[in-house]
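Colleague: Kindly return the folded structure for what I paste below:
(2 chains)
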Protein chains: 2
Amino acid sequence: MRIGELARRTGVPVPTIKYYSREGLLPAGERTSPNQVAYDDTHVRRLKLIRAMLEVGGLSIAAAREVLAEVDSPHRTVHGALGVAQSAVTRSAPEHGDRADWERAEAEVADLVARHGWSAKPENPGRRSLVQIVVTYRDLDRGDLLVLLDKYATAAGELAAAELATLADAPSTDGKVEGVVLGTVLGDAAMSALRRIAQEDVSSRHSA
Amino acid sequence: MRIGELARRTGVPVPTIKYYSREGLLPAGERTSPNQVAYDDTHVRRLKLIRAMLEVGGLSIAAAREVLAEVDSPHRTVHGALGVAQSAVTRSAPEHGDRADWERAEAEVADLVARHGWSAKPENPGRRSLVQIVVTYRDLDRGDLLVLLDKYATAAGELAAAELATLADAPSTDGKVEGVVLGTVLGDAAMSALRRIAQEDVSSRHSA
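Modeller: Residues are numbered from 1 along each chain as shown, chains lettered A, B, ... in the order given. Here you go, the predicted structure:
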């Protein structure tokens, strides 16, 4: 199909398609004559995936490019795709405050990881975020809110097991790799969205 | 204290403090002479709260301003603060694709909300995000991943109840209002961080 048809089928405007192509997110179409390029269904699907990552997941162009490079890699694995997707969706955590506060929080996070029987490398992007969150709560004298972390952790462990079980049903490695990317990028958004609904429910009952 | 001391105690540079002040995030200090302004401990705490929202929670200046206006309002309530904080942390969801797809997803989300016995207004920001996520999964033919939403919902309901119970222990309305803001802004980040750690653990066991 021509680029106009690709735009019509995906709802992505032609200049945006050209932009994604220049940025390396969308593979080039097949040049069929000096001024004509043909696209196929793989381009339709890729554009939907790009839109999911950028508009729904909120990834930057650079982060989406890294994730798609892993999806396209001949050496792709589910575990590798998970690592790349996790890095892409995690905000980098600037260290501030006392070094001693960070070390104390790192020890608390290590304890929590051990308590839940988890094996996670020190460079896991969630681990560093969590240290920053613990430092922030303590800095604000809100250690009272830290008790919630174990409850979040228990829920996260159960959900990760359920996610893996669901992914295992996907028919191909491609399907599993794409699933782990979507589960990471959109799964966070879905969990946050459901938290908002549940919190409104609990809060409205309590204040009624 | 002078602005230099405020900067030293919080680690926030003087120009940044002045910027937050101009943007309406930080109340003015008390002018003690034509070219001297005095700050106190409330400014120290407010700067820590601003940093938590911007650097850890990733809010924009405009979103942080709205949340702080609610925190400072004489009419502040826990339920009101929750609504403002929820709107501040939720990405706006542009509608794309067929209207019929959106209506179908809206009905599915309404079913899910009913299934969990929740009361949540149609304008709840999580509700609209969730509709967008459902549309996106279907658009990508990944309806297989939708089974996870009920599991996320069950976990979200249990966590919301635990969050409320923790907040109820805070000694004052101010403490509760601040707690609901932090719980919304940092709680999402904490849950996402713990999901990354749990997912790495599950994935490494599976691929081992």
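Colleague: A:Tyr39: neighbour count?
Modeller: When counting by other C-beta atoms under 10 Å in any protein chain shown, one arrives at 24 neighbours for A:Tyr39. Every residue, glycine included, has its C-beta placed from N, CA and C.
Colleague: so how far is chain B from it?
Modeller: 18 Å (C-beta to the nearest C-beta, to the nearest Å).
Colleague: and the residue nearest to A:Val37 when sequence neighbours are not counted, how many neighbours does it have?
Modeller: Closest residue to A:Val37 apart from its sequence neighbours, by C-beta to C-beta, 6 or more residues apart in numbering or on different chains: A:Gly29 at 4.0 Å. Residues lying near A:Gly29 (other C-beta under 10 Å) number 19.
Colleague: Look through chain A and tell me its longest helix.
Modeller: Longest helix of chain A, by residue count under DSSP state H: helix A:173-207.
Colleague: What pLDDT is listed against the most centrally placed residue in chain A?
Modeller: The C-alpha lying nearest the average C-alpha coordinate of chain A belongs to A:Val185 (C-alpha atoms, centre = their mean; 2.7 Å). With respect to pLDDT, A:Val185 scores 88.
Colleague: you'd agree it is up against A:Ala52?
Modeller: Yes: with contact defined as C-beta atoms under 8 Å, A:Val185 and A:Ala52 form a contacting pair (7.1 Å).
Colleague: shaky segments in chain A?
Modeller: Across chain A, the ranges flagged by pLDDT under 70 are A:93, A:207-208.
Colleague: per the record, what domains does it have?
Modeller: Domain ranges of chain A: A:3-56, A:88-207, per automatic domain parsing.
Colleague: Now do the contacts for the residue nearest to A:Val37.
Modeller: Residues near A:Gly29 by C-beta atoms under 8 Å, 6 or more residues apart in numbering or on different chains: A:3, A:37-40, A:43.
Colleague: could you redo the last one with a cut-off of 7 Å?
Modeller: If you count contacts by C-beta atoms under 7 Å, 6 or more residues apart in numbering or on different chains, A:Gly29 has them with A:37-39, A:43.
Colleague: Same check on A:Val135?
Modeller: By C-beta under 7 Å, 6+ apart, the contact set of A:Val135 is A:97, A:101-102, A:105.
Colleague: quick one: which of those residues has the most company?
Modeller: A:Ala105 (22 neighbours).
Colleague: just checking, which of the contacts of A:Gly29 belong to helices?
Modeller: Short answer: those in helices (DSSP H) are A:His43.
Colleague: Can you tell me which of the contacts of A:Gly29 is nearest chain B?
Modeller: Nearest to chain B among the contacts of A:Gly29, counting by C-beta to the nearest C-beta, is A:His43 at 14.0 Å.
Colleague: if we can go back for a sec, quick check: which of the domains of chain A is buried the most?
Modeller: domain A:88-207 (a mean of 19; mean count of other C-beta atoms under 10 Å in any protein chain shown).
Colleague: Tell me the helices and strands packed up against the helix or strand hosting A:Tyr152.
Modeller: A:Tyr152 is located in helix A:147-168, with elements delineated by DSSP states H and E. Judged by 3 or more C-beta pairs under 7 Å, 6 or more residues apart in numbering or on different chains; DSSP states H and E, helix A:147-168 is in contact with helix A:99-115, helix A:173-207, helix B:147-168, helix B:173-207.
Colleague: tell me the secondary structure for A:Glu123?
Modeller: Counting by DSSP: H, G, I helix; E, B strand; the rest coil, the backbone at A:Glu123 sits in coil.
Colleague: can I assume the residue nearest to the centre of chain A is in contact with A:Val84?
Modeller: No: using C-beta atoms under 7 Å as the test, A:Val185 is too far from A:Val84 to be in contact (10.9 Å).
Colleague: Could you pull up the contacting residues of A:Ala88?
Modeller: By C-beta under 7 Å, 6+ apart, the neighbours of A:Ala88 are A:59, A:63, A:66-67.
Colleague: Which two among these are spaced furthest apart?
Modeller: A:Leu59 and A:Glu66 (9.1 Å; C-beta to C-beta).
Colleague: Looking at these two, which one has more neighbours?
Modeller: Shown here are A:Leu59 and A:Glu66; by other C-beta under 10 Å, A:Leu59 has more neighbours (20 against 15).
Colleague: in a strand, that's where the more buried one is, yeah?
Modeller: No: under the criterion used here (three-state DSSP), A:Leu59 is coil, not part of a strand.
Colleague: Contact partners for it?
Modeller: Contacts of A:Leu59 (C-beta under 7 Å, 6+ apart): A:53, A:88-89, A:185.
Colleague: Now for these: which two are most distant?
Modeller: Farthest pair in these, by C-beta to C-beta: A:Met53 and A:Val89, 9.2 Å.
Colleague: Not counting its neighbours along the chain, what's nearest A:Leu186?
Modeller: Nearest residue to A:Leu186 in three dimensions, chain neighbours excluded: B:Ile133, at 5.4 Å (C-beta to C-beta, 6+ apart).
Colleague: Surely that neighbour and A:Val185 touch.
Modeller: No: the pair B:Ile133 / A:Val185 is not scored as a contact, 10.2 Å apart, by C-beta under 7 Å.
Colleague: Just to be sure, A:Arg31 is in a strand?
Modeller: Yes: checked against three-state DSSP, A:Arg31 lies within a strand.
Colleague: before we move on, the earlier item: filter the contacts of A:Val135 down to the ones near chain B?
Modeller: Restricting these to those touching chain B (C-beta under 7 Å from any C-beta of the partner chain) yields A:Gly97.
Colleague: Start and end of stretch A:15-32, how far apart?
Modeller: 20 Å (C-alpha to C-alpha, to the nearest Å).
Colleague: What distance do you get for the residue nearest to A:Ile3 when sequence neighbours are not counted to chain B?
Modeller: Using C-beta to C-beta, 6+ apart and skipping the chain neighbours, the partner closest in space to A:Ile3 is A:Val14 (5.6 Å). Going from A:Val14 to chain B by C-beta to the nearest C-beta gives 16 Å.
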